[in-house]
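# Dropping the sequence and predicted coords here.
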Amino acid sequence: MPDPRTVLPGTPKRIGVAADHGGFELKEYISRMLREAHYEMVDFGDKQPKPDDDYPDFVVPLARAVTRGEVDRGVAICGSGVGACIAANKVPGVRACLIHEHFSARQGVEDDDMNVICLGGRVVANTFAWELVRTFLHARFSGAERHRRRLAKLVKLESSEAA
């Protein structure tokens, strides 16, 4: 694994993070680690833990920022990560996945061009979550023909569903 304090050449540099109360503590930890690793971090909230906040209020703006290119990739967090993943995937152009292990953190980017990693603040330890985020950020889309072909089918599905 590369040095966690270094942004590797060719990797995303501007990272958005978002969490509700269930992921607030993990968001704060990941945000600190991103800054220490010299990433440009954009915080989509919540800015303080509020037990009655709702993950879509933070995750959807993050997801939209990813699709508009305002951030290179996103980290979405709620208590389990499930709600954050569902909310992020409602935004066309987002390919978000709930991640609990290294293989999918890497392969999701390499094969599926995943652009948002979703984590559960109540189910993944801070240090392990940071390892998963680093794996996600250091991975690159392969651009293989078969992967581009599959992604084109998803884009077509998104556009037909929107019509």
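The structure has been received and is ready for your questions.
# in stretch 98-108, what counts as buried?
Judged by neighbour count (16 or more other Cβ atoms under 10 Å), stretch 98-108 contains these buried residues: 98-99, 104-106, 108. C-beta here means a position set from N, CA and C on the backbone, and glycine is covered the same way.
# Same question for stretch 137-147.
Counting neighbours by 16+ other Cβ under 10 Å, stretch 137-147 gives 137-139, 141 as buried.
# Give me the spatial nearest neighbour of residue 67, chain neighbours excluded.
Nearest residue to residue 67 in three dimensions, chain neighbours excluded: residue 93, at 3.8 Å (Cβ to Cβ, 6 or more residues apart in numbering).
# go on, residue 109?
Nearest residue to residue 109, sequence neighbours excluded (Cβ to Cβ, 6+ apart): residue 139, at 3.6 Å.
# That neighbour and residue 113 touch, don't they?
No. The pair residue 139 / residue 113 is not scored as a contact, 9.9 Å apart, by Cβ atoms under 8 Å.
# Run through this structure and note the low-pLDDT ranges.
The model of the chain has pLDDT under 70 over residues 1-11.
# Just give me the longest helix of it.
The longest helix of the chain (DSSP state H) is helix 145-162.
# Flag every buried residue along that one.
Under 16+ other Cβ under 10 Å, helix 145-162 has no buried positions.
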